[in-house]
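Asker: Quick one, structure for this:
(one chain, ligands or ions: 1)
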Amino acid sequence: MKYCSTRGQEKNLTFEEVLFSDIIISSLKRFRIPEVVRIEKLKGGINIIELFHGTTLAFKDLALSVVGGLIDHYLSQRNKHIIILIGTSGDTGSAAIEGVRGRKGIDIVVLLPDGRCSMIQELQMTTVTEDNVHVYKVEGTSDDLDEPIKQCFGDQKLVSKHNLISINSINWGRIMVQVAHFFFSYYQLCSNVGAPVEIVVPTGAAGNITAGCIAKKMGLPITLVATVNKNDIISRAIDKGDFSLNSSVTQTLASAMDIQNPYNVERLIYLCCDGDVERTRQIMDEFESKDKVSIPDDILHTLQELIADSMVVSDTAITTTMKTVYAENKYVLCPHTATAVYYHHQRNSDAIRGFIATASPAKFPEAVAKADISPITDGVEHLQDLPTKFLWMRKGEDWHSILCAKIENITKNKDRKV
Ligand SMILES: *Cc1c(COP(=O)(O)O)cnc(C)c1O
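Answerer: The predicted structure is shown next:
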């Protein structure tokens with residue numbers, strides 16, 4: 001099934017609707033299966049919603065490829081050019097590159113911390129050779145590489161001269177596309193329209209579950225559950241309104257969810273106080289100055305109506321769940337998806353349940369090996385043989401100057417081409 005297979009002449013869609021559906025269809029063309037999303041039904045009522053069939057094998061491909069298509073469309077209409085600048089240690093960088101590679105109106109500069117991404121994640125970024133993709137390996141941590149990026153975004157003149165943008169997980173376009181995950185899953189899983197369905201969402205920066213909350217607010221009869229790894233800030237916020245930073249990030253097997261500050265909580269608070277900007281700002285100001293805030297009771301109550309339950313899942317539980325599901329179904333879960341299925345093993349229910357599968361297990365060979373499952377490749381093995389293209393930011397160099405020079409250079413070359 002396509003996201004939208006109806007064409008204007010059959011359904012009398014408006015011009016904008018036809019255009020929008022064309023952008024979506026062409027953005028999702030590179031997905032590895034024609035139906036884009038597949039639901040795998042395992043024993044014991046476990047419905048795995050496989051959102052990971054994009055090129056980089058994680059669910060972020062869905063939103064970022066469509067956002068790439070939308071940006072490209074509006075830029076070409078206005079004859080404009082932008083530069084996307086991001087730092088990444090996980091799946092966002094590769095999915096963002098994939099969403100914009102080869103697009104005319106966009107250049108993307110990605111900084112990745114050398115040796116701190118998985119080998120596959122790194123290759124997914126460094127093997128892209130299109131002219132509009134610029135990847136730097138940085139000799140430092142992800143916190144280190146955030147510095148020169150912050151400096152660039154703090155420079156208003158630079159930002160407006162070069163149309164610098166960031167497409168991190170609070171980007172509304174991404175959330176908007178992710179709302180579709182929940183409508184799609186609901187209609188695939190419900191016994192009859194109007195019957196409830198529970199959807200369990202592995203959660204990191206809370207972008208995906210925020211989209212689920214918006215779908216629910218739009219009237220979709222879903223019950224939402226958030227599962228997290230040992231980085232439990234979201235779970236504490238939902239359970240008791242305790243929105244406070246842990247002292248540091250804990251490394252876990254579900255590494256794409258190793259997040260200290262889930263940026264979308266601000267949006268959740270905003271949704272839960274009916275869009276009261278002033279109140280949201282007050283709460284976030286307190287959080288930013290003290291690294292903690294207690295979510296007021298009325299907002300917490302609404303939040304708990306939107307997200308019914310949450311669970312913190314340890315690495316041991318992740319491994320056990322991967323093993324159990326493999327033994328019973330010969331099906332391999334990725335470690336993030338395993339947190340959702342662990343919830344199912346802990347909390348019995350008669351409800352129809354769907355589990356968002358955020359990545360292919362092939363992307364996380366270390367977790368697969370820990371669960372004593374033989375390696376799976378899912379078509380990524382060829383990455384090792386492809387030519388690579390990247391630049392270095394070495395220790396001791398002035399990374400901010402390197403970045404500024406790169407940005408100037410990109411703009412200069414664009415002007416020459418036009
Ligand atoms: C990004 C990511 C998540 C977390 O998604 P959020 O929208 O940030 O909550 C979970 N699993 C994988 C594999 C991811 O790449």
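
Asker: can you give me the strands for the stretch 251-400 of the chain?
Answerer: Along the stretch 251-400 of the chain, counting by DSSP state E, counting those that start in this stretch, strands occupy 292-294, 307-312, 353-357, 391-393.

Asker: how about these, which one is nearest E381?
Answerer: Nearest of the strands of the stretch 251-400 of the chain to E381, taken as C-beta to C-beta: strand 353-357 at 20.8 Å. Every residue, glycine included, has its C-beta placed from N, CA and C.

Asker: what's the neighbour count on D143?
Answerer: D143 is flanked by 12 other residues according to other C-beta atoms under 10 Å.

Asker: Please identify the helix or strand for it.
Answerer: Per DSSP states H and E, D143 falls inside helix 142-153.

Asker: which of the strands of the stretch 251-400 of the chain is buried the deepest?
Answerer: Across the strands of the stretch 251-400 of the chain, averaging neighbours per residue (mean count of other C-beta atoms under 10 Å) puts strand 353-357 on top, at a mean of 26.

Asker: residues from the stretch 251-400 of the chain in reach of the ligand?
Answerer: A256, M257, H336, T358, A359 (C-beta under 6 Å from any ligand atom).

Asker: what about the protein, any weak spots by pLDDT?
Answerer: In the predicted model of the chain, residues 1-11, 415-418 satisfy pLDDT under 70.

Asker: Okay, domains of it per the record?
Answerer: Using automatic domain parsing, the domain ranges for the chain come out as 38-57+178-370, 60-171+388-417.

Asker: Which one of the ones you listed lies nearest to S21?
Answerer: Shortest separation from S21 across the domains of the chain is recorded for domain 60-171+388-417, at 10.9 Å, computed as C-beta to C-beta.

Asker: Skip the chain neighbours and tell me the closest residue to the residue most central in space within the chain.
Answerer: Geometric centre of the chain, nearest residue: K60, 4.1 Å, by C-alpha atoms, centre = their mean. Leaving aside its sequence neighbours, K60 sits nearest to A95 (C-beta to C-beta, 6 or more residues apart in numbering; 3.8 Å).

Asker: Assign a three-state SS to the one you found, would you?
Answerer: Judged by DSSP: H, G, I helix; E, B strand; the rest coil, the three-state class of A95 is helix.

Asker: count of neighbours near it?
Answerer: For A95, using other C-beta under 10 Å, the count is 29.

Asker: how much space between it and the ligand?
Answerer: Per C-beta to the nearest ligand atom, to the nearest Å, A95 is found 8 Å from the ligand.

Asker: correct me, but that residue touches G54?
Answerer: Yes: applying C-beta atoms under 8 Å, one finds A95 in contact with G54, separated by 7.0 Å.

Asker: shared neighbours of these two, anything?
Answerer: Common contact partners of A95 and G54 (C-beta atoms under 8 Å, 6 or more residues apart in numbering): K60, D61, S65.

Asker: Could I get the buried residue list for whichever helix or strand comes after the helix holding D143?
Answerer: Scanning forward in sequence from helix 142-153 by DSSP H and E, the next helix or strand is helix 156-162. Going by neighbour count (16 or more other C-beta atoms under 10 Å), the buried part of helix 156-162 is L158, V159, H162.

Asker: Identify the residues contacting helix 156-162?
Answerer: I82, I83, C152, F153, L164, C404, I407, E408, I410, T411.

Asker: if we go to 10 Å?
Answerer: 81-83, 85, 107, 151-153, 155, 164-165, 403-404, 407-408, 410-411, 414 (C-beta atoms under 10 Å, 6 or more residues apart in numbering).

Asker: Tell me which entries of these lie within helices.
Answerer: Q151, C152, F153, L403, C404, I407, E408, I410, T411, K414 (DSSP state H).

Asker: Near Q151, how many residues? Count them for me, please.
Answerer: 15.

Asker: L403 is in contact with that one, correct?
Answerer: Yes: contact criterion C-beta atoms under 10 Å: Q151 and L403 qualify, at 8.0 Å.

Asker: ok, S169 to I149 distance?
Answerer: 15 Å (C-beta to C-beta, to the nearest Å).

Asker: My error: substitute G194 in the last question.
Answerer: Per C-beta to C-beta, G194 is found 46 Å from I149.

Asker: Who has more neighbours out of the two?
Answerer: The residue with more neighbours, out of G194 and I149, is I149; 19 against 7, by other C-beta under 10 Å.

Asker: What values do phi and psi take at the nearest residue to the more buried one once chain neighbours are set aside?
Answerer: Leaving aside its chain neighbours, I149 sits nearest to G87 (5.1 Å; criterion: C-beta to C-beta, 6+ apart). Backbone geometry at G87, expressed as degrees, to the nearest 10, gives phi -110, psi 140.

Asker: From the buried residues of helix 156-162, pick the one nearest D276.
Answerer: Of the buried residues of helix 156-162, the one sitting nearest to D276 (C-beta to C-beta) turns out to be V159, at 28.8 Å.

Asker: follow-up on the earlier one: give me the subset of the shared contacts of A95 and G54 touching the ligand.
Answerer: K60.

Asker: from the shared contacts of A95 and G54, which single one is nearest F182?
Answerer: Using C-beta to C-beta, K60 comes nearest to F182 of the shared contacts of A95 and G54, at 15.9 Å.

Asker: so what's that closest one up against?
Answerer: 51-52, 54, 90-96, 98-99, 169, 174, 178, 207-208, 256, 358-359.

Asker: same question, R78
Answerer: By C-beta under 10 Å, 6+ apart, the neighbours of R78 are G105.

Asker: That one and the ligand, how far apart?
Answerer: 30 Å.

Asker: So that residue versus G105, what's the distance?
Answerer: 9 Å.

Asker: swap in S160?
Answerer: S160 sits 17 Å away from G105, going by C-beta to C-beta.

Asker: Please name the bridge partners of the residue nearest to A308 when sequence neighbours are not counted.
Answerer: What sits nearest to A308 in space, not counting adjacent residues and going by C-beta to C-beta, 6+ apart, is T223, at 5.0 Å. Using DSSP bridges, the bridge partners assigned to T223 are E198.
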